[in-house]
Every structure is written in structure tokens, then in C-alpha cells.
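> Sequence and predicted structure are below.
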Amino acid sequence: MTERRTSRGLAFIVPEINGGQVKITGTTKLLGILGDPVSHSLSPLMHNRACEELGLDICYVPLNVKADQLAMAIDGLRAMRFLGANITIPHKVSALALMDRLADSARNVGAVNTVVNKNGLLTGHNTDGAGFIRSLEDATSIDYAATSVVLLGAGGAARSIAFALAEKKVSRIVIINRTQERAVELKRLLEHDFSSLEIVVKGTDDEYGDDISAGKLVINATSTGLEADLKSAPVWVDRLTKDHVVCDIIYRAQEKNPLLVAARAKGATTLGGLGMLLHQGVIAFHLWTGIEPPVDVMRNSIES
Ligand code: NAP
């Protein structure tokens, strides 16, 4: 760490954060991300670049928090007057019960990815679904009413995407999940709010080739590894056409992702998870600061 005089007094330059771009002063306000592990997260980079670009005296830090200390850590956000925080794996669901208030986005999905602190009152939000929608609309000119969706996964991310697509009034959602009970539970939650939406549940061993043929939007929202058989299975590949939009929300190594590689070879439009990561962060930044962040600066920081 080095010291430098600035207009705001003595600043500490922290080379470990954002290549030394973040200057911490006596008045610096804090944001952070609570997760375990958290060292792989691109969020500190993205948010610190946005703060730097806007000249905001805010620093966003990675916070590795063990599950049994989550409640204490969230109380610490109040005590240390954080502006807010992101919550990531594995704490998104447990954080729900630790909030003072919940926005609909978090209540519906049953998980929190963004916390806003207003004078010690913590409100939990979930910006993943809206982030997914923005990234989809960046990449395609989708007609929701004419779109039938195949959604693989029923975890937190799949839930937020399903709710966001239901709000956009897609025509049908087929939910395919390894643990069918979780898919059934997601169907039940969706039906409660969207009674006219057609929702079908299938297990990963069921036949769903026809659903892929019929569904123009295919989304992998599971946490399966890049090498997973599930995504290179022939059913995915054989039924894809140039009319499909295929998304995999994992954002690492998008160019090597077997599902996206196969879909591209069939002429489909493909979408990795970086856009969703970007836009969930853009929405969170606005919730914390009330300021629209520089989207291109944030995008460049995570793409590079
Ligand atoms: P989660 O709540 O733990 O859900 C995991 C999902 O993956 C469940 O549906 C689970 O099925 C399924 N799954 C896990 N291993 C599997 C396997 N070997 N075979 C088949 N299905 C398997 O996790 P999450 O929060 O939804 O996150 C899911 C993925 O999305 C993660 O990779 C995460 O990094 C990514 N994500 C990306 C963004 C972004 O901004 N791009 C945002 C959020 C999440 P079961 O129900 O059967 O266990």
C-alpha cells in the first residue's frame, strides 16, 4: 500500500484492488460482496472502475464470509455503515431472513443478491432476473409473446430468470431440472403470480427434444461445469437451428462453452453470462447510489 496527497486529503493506494486505481481516504464509503469463495468475483473490478470513472469516493471490496458467520457479517454492514453489498454463492438464500425489508424481486425469487443500507435498515433485492433481461435485449430483438422458453435449472438464478421472463409474458416455460421437486416448486411459485402462463416441468432424463425444437429461447441456468455431459448431449445440438437463441449464464470461458460452441455451429444466436453479470451490477449500482453507472466502462472492465 502507498500513500498520496489528494484533494480529499491523504489517500491510500491499494495495488491489490483494481490495479491500484482505488484511492481510499478518510471519507471513503464502502460497498462489498459477501460470498465463499469470493476471490474469483469480477464485481470488485467492475464496480470500482465505475466509481473511479464517476469520481465517487466509494470502494467495493471482496468479503469472504463463512456460512456460520453470515448473520454477523450482515450486521457488520449496518455497524460499518456500508452503502450496501452484493450477496453471492452460497449465501443468497440464507441472506433473505437477515434483511429488514424485501423488495418483490427478492421475495418472489426467495434469494437476495443485492442489499441496500439506508441508515441501518437493510433492504434485500434480486437484480439477476432484470440483469438477464437487459443482456438478452442487448443481444437480440426478442418478441416475448411469441417465445417459448426451455429453462435448464431450478436454482436461484433459474428462479430469477423464470420470474423475469414470466413478467415479460413469454408464451410458455419448460423447466428441466435434475431434482424434479425443485422444478415443481418453481412452477408452483410462478403459477401463483402468473396464472395464465403455460408451465411444463420435466426431469433431465425425460424426452425434451421436441421442447427444444419448439422453444426458441434455450437457457442453461445450472451450475454444471463447462465439460458437463448435459450440455454436449445430442438433444441440445441436434434440435438447435439458426432461429434459436441459446444462453448459458456461466460467464467464464464463454468462447469454450460446449453448449454455446454447438449452438453457434448450428447458426443460433448465443449469449454467455457476462452480460447478465454486467447488468445485474448496473442495476445494483443504481440502487446503492441513485446514479446510472457508465455501462461501457463496466463492460470493458469485465470483458478484458
Ligand atoms: P444454485 O441455486 O445452487 O442452483 C444450481 C442449479 O444447477 C440447480 O438447478 C441444480 O440442480 C443444477 N445442477 C448443479 N449441478 C448439476 C449437475 N451436475 N447436473 C445437473 N444439474 C446440476 O445456483 P445458482 O445461484 O442458481 O447459480 C447457477 C449458475 O449460474 C452458477 O454457475 C452461477 O455462477 C451462475 N450465475 C451467473 C450469474 C450471472 O450474472 N451471469 C448470476 C447468477 C448465477 P438440482 O436442483 O438438481 O441441484
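That came through, no problem. Numbers count the residues shown, from 1 in each chain.
> What residue in the stretch 51-200 of the chain comes nearest to the ligand?
Going by C-beta to the nearest ligand atom, the ligand is nearest to residue 155 of the stretch 51-200 of the chain, at 1.9 Å. Heads up, the C-betas are built off the backbone N, CA and C, glycines and all.
> Count the neighbours of that residue for me.
When neighbours are counted by other C-beta atoms under 10 Å, residue 155 registers 18.
> Wait, it touches residue 222, no?
Yes: the criterion here is C-beta atoms under 8 Å, and residue 155 meets it with residue 222 at 7.1 Å.
> Please tell me how far the residue of the stretch 51-200 of the chain closest to the ligand sits from residue 178.
Relative to residue 178, residue 155 is positioned 10 Å away (C-beta to C-beta, to the nearest Å).
> and what of residue 209?
Distance of residue 209 to residue 178, given as C-beta to C-beta: 18 Å.
> quick one, which of those two is more surrounded?
Set residue 209 next to residue 178 and count neighbours by other C-beta under 10 Å: residue 178 wins out with 15 against 12.
> which ones are touching the more buried one?
The contact partners of residue 178, taken as C-beta atoms under 8 Å, 6 or more residues apart in numbering, are 203-204, 222.
> Narrow those residues to those in strands?
Mapping those onto strands (DSSP state E) picks out residue 203.
> Pick the one among the contacts of residue 178 closest to the ligand.
Closest approach to the ligand among these (C-beta to the nearest ligand atom): residue 222, at 3.3 Å.
> Surely that closest one is in contact with residue 153?
Yes: in this structure residue 222 lies within contact range of residue 153 using C-beta under 8 Å: 4.0 Å.
> any common contacting residues for those two?
Counting by C-beta under 8 Å, 6+ apart, the contacts common to residue 222 and residue 153 are residue 177.
> circling back to that earlier point, who's in contact with the residue of the stretch 51-200 of the chain closest to the ligand?
Contacts for residue 155 were tallied using C-beta under 8 Å, 6+ apart; they are 182, 221-223.
> circling back: I'd like the contacts of residue 178 as TSV, with distance to residue 88 appended.
Output for the contacts of residue 178, formatted as TSV (distance: C-beta to C-beta, whole Å):
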residue	distance to residue 88
203	28
204	25
222	16
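> I'd like the contacts of residue 178 laid out as JSON lines, including neighbour count and distance to the ligand.
Below are the contacts of residue 178 laid out as JSON lines (neighbours: other C-beta atoms under 10 Å; distance: C-beta to the nearest ligand atom, whole Å):
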{"residue": "203", "neighbour count": "12", "distance to the ligand": "9"}
{"residue": "204", "neighbour count": "15", "distance to the ligand": "6"}
{"residue": "222", "neighbour count": "23", "distance to the ligand": "3"}
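> Give me the lowest-pLDDT entry from the contacts of residue 178.
Within the contacts of residue 178, residue 204 has the lowest pLDDT, namely 80.
> what sits against it?
152, 176-178, 230 are the contacts of residue 204 under C-beta under 8 Å, 6+ apart.
> Can you name the two of those that sit furthest apart?
Spatial extent of those (C-beta to C-beta) is set by the pair 177 and 230 at 11.0 Å.
> Mutual contacts of those two, please.
Common neighbours of residue 177 and residue 230 (C-beta under 8 Å, 6+ apart) are 152, 204, 222.
> interface residues of the stretch 151-300 of the chain facing the ligand?
Within the stretch 151-300 of the chain, the positions near the ligand by C-beta under 6 Å from any ligand atom are 153-158, 177-179, 182, 221-224, 230, 249-251, 273, 276-277, 280.
> what's the spacing between the nearest residue to residue 198 once chain neighbours are set aside and residue 216?
Among residues not flanking residue 198 along the chain, residue 172 sits closest, at 4.3 Å (C-beta to C-beta, 6 or more residues apart in numbering). Distance of residue 172 to residue 216, computed by C-beta to C-beta: 10 Å.
> Common neighbours of those two, please.
residue 148.
> So for those two, which sits in the more crowded spot?
Set residue 172 next to residue 216 and count neighbours by other C-beta under 10 Å: residue 216 wins out with 23 against 15.
> Residue 177 and residue 230: who's more crowded?
Neighbours were counted for residue 177 and for residue 230 using other C-beta under 10 Å; residue 177 has more, 23 against 17.
> List the residues that contact that one.
Going by C-beta under 8 Å, 6+ apart, residue 177 touches 152-154, 158, 183, 186, 201, 203-204, 222.
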